[in-house]
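Trainee: requesting a structural model of the entry that follows:
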Amino acid sequence: MNVRRSAAVLAAVAVIGAAPPAAAAPSPSPSQAFPSALYGDSDPKFDGVWRQSLALLAQDTVGVKPAAKSVRWLVRQQCENGSFASYRPDPATACDAKTMLDTNATSAAVQALAALGGHDDVTGKAVGWLKSVQNEDGGWGYAPGGASDTNSTSVVIGALAAAGEKPDRVEKDGESPYDALLKLALPCGGDGDGAFAFQPDKKGRLAANADATAAGVLGALGRGMVVKPGKKSDATCEKATTPEQAAANGAGYLTAALAEDGHHLMSALAGAEPQPDFGNTADAVVALAARGDAGQAEKSVRWLEENSASWASQSGPAAYAQLIFAAHATGTDPRDFGGADLVKQLNATGPAPRTDGKTKASDDEKDSGSDGFFGVWWYVGVCLVAGIGIGFLFTGRKKQRQL
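Mentor: Numbering: from 1, shown residues only. Prediction:
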């Protein structure tokens with residue numbers, strides 16, 4: 001789920017020729033620049049749709065009715081062709097060739113809006129666009145036309161399933177998303193031992209990646225972000241000729257990796273000391289629970305209960321959503337997660353949820369036009385500083401690949 005945003009966005013920027021904002025450039029304050037319907041107060045340029053989708057999906061998962069204007073904001077982010085960009089500051093302006101379209105954001109929006117219901121026209125157009133940009137190997141990259149990767153292919157599978165599609169029947173040149181995942185699965189034995197790679201390196205070699213493996217297990221099972229405990233099989237690591245076997249192999253790799261480091265995963269950022277990886281641990285919990293590997297999933301969710309509070313507070317709505325998904329998958333109460341109420345904490349990052357289940361016209365009126373007004377000034381600010389130089393540090397939805 002933590003989809004390596006910085007590397008992926010830089011690659012997409014290179015393709016479309018747009019310059020990212022400079023690191024030293026001042027950003028408008030959230031109160032001045034960002035729509036009131038948006039969850040989180042950090043710069044949404046690279047993760048606005050993603051974190052909004054996760055927040056709404058998590059609220060729906062625990063029976064909370066999201067604010068009407070927050071749902072409306074997400075719907076308005078859709079481009080005419082059905083896709084979603086990472087963030088559109090002014091949705092009244094049509095998407096064009098320079099709009100950075102995002103398969104991950106599109107897929108997350110589909111999963112959220114499908115769960116909320118009543119948005120079949122939006123999700124249908126989005127699924128149609130995803131099908132139109134499917135790669136010849138059956139998978140998807142972060143940006144349309146980019147090389148297929150495990151994370152992107154898996155989140156698209158979740159969107160297809162949420163929209164009522166059968167992923168194995170969504171093919172390009174006879175190749176399905178499951179075919180793409182099988183090509184990214186490592187053989188049993190050795191360092192990889194059944195894991196998934198993010199994508200091949202320049203020489204075509206695959207390297208085990210825990211983030212990609214958590215995503216790949218869910219994708220191979222045909223599941224999205226919200227799961228219930230599955231039925232465990234006794235499959236051991238064998239040659240993956242089916243998505244089910246690939247999921248079993250990946251789950252075995254995750255179980256061993258979690259147990260090795262005290263029931264959590266570790267990040268391995270270049271030049272830095274390894275640190276506990278809370279987001280990928282939460283994703284691994286969901287993946288293991290989906291396959292029925294309850295023993296390790298429960299141990300890891302207990303570790304998250306004891307250790308994730310500071311990370312979630314600093315990371316914002318998507319982090320709270322990930323923890324809620326992990327709690328839901330293991331039957332843990334998200335309102336008493338190590339003494340914390342994850343639902344209350346998530347709700348506090350955005351507009352207050354509806355309490356009567358009805359849309360309040362006053363909410364829509366207060367937010368009417370805010371996307372365009374605030375977005376224009378935000379965009380002007382970015383344009384003024386874009387020429388200063390290239391380089392930025394993004395800390396929202398990014399996750400550098402584990403080595």
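Trainee: so where's the stretch 151-300 of the chain uncertain?
Mentor: By pLDDT under 70, the stretch 151-300 of the chain has no low-scoring segment.
Trainee: quick one: the helix of greatest length in the chain to chain centroid distance?
Mentor: For the chain, the longest helix by residue count, based on DSSP state H, is helix 243-260. Mean-position distance between helix 243-260 and its chain equals 20 Å (C-alpha atoms, centre = their mean, to the nearest Å).
Trainee: tell me the helix or strand right after that helix.
Mentor: Going down the chain from helix 243-260, the next helix or strand is strand 265-267, by DSSP states H and E.
Trainee: run me through the strand neighbours of that next one, direction for each.
Mentor: strand 275-277 (antiparallel) (DSSP bridges).
Trainee: isn't K299 right up against H263?
Mentor: Yes. Assessed by C-beta atoms under 8 Å, K299 is found in contact with H263 at 4.6 Å. Glycine gets a C-beta too; all of them are placed from N, C-alpha and C.
Trainee: settle it for me: which of those two has more neighbours?
Mentor: The residue with more neighbours, out of K299 and H263, is H263; 21 against 18, by other C-beta atoms under 10 Å.
Trainee: residues contacting the more buried one?
Mentor: For H263, the contact set (C-beta atoms under 8 Å, 6 or more residues apart in numbering) comprises Q296, K299, S300, R302, W303.
Trainee: what of P167?
Mentor: Neighbouring residues of P167 by C-beta under 8 Å, 6+ apart: I157, L160, A161, S176, P177, Y178, G222.
Trainee: most neighbours, which of those?
Mentor: Busiest of those [other C-beta under 10 Å] is I157, holding 32 neighbours.
Trainee: check which helix or strand it maps to.
Mentor: helix 150-162.
Trainee: show me what that helix is packed against.
Mentor: Packing partners of helix 150-162 (3 or more C-beta pairs under 8 Å, 6 or more residues apart in numbering; DSSP states H and E): helix 103-116, helix 120-132, helix 177-183, helix 210-220.
Trainee: tell me the most buried of those helices?
Mentor: Compared across the helices and strands packed on helix 150-162, helix 210-220 shows the largest average neighbour count, a mean of 31 (mean count of other C-beta atoms under 10 Å).
Trainee: helices or strands next to that one in the packing?
Mentor: Helix 210-220 packs on helix 150-162, helix 177-183, helix 243-260, helix 278-291, going by 3+ C-beta pairs under 8 Å, 6+ apart.
Trainee: starting at the chain centroid, how far to that helix?
Mentor: Centre to centre, stretch against its chain (C-alpha atoms, centre = their mean), the figure for helix 210-220 is 12 Å.
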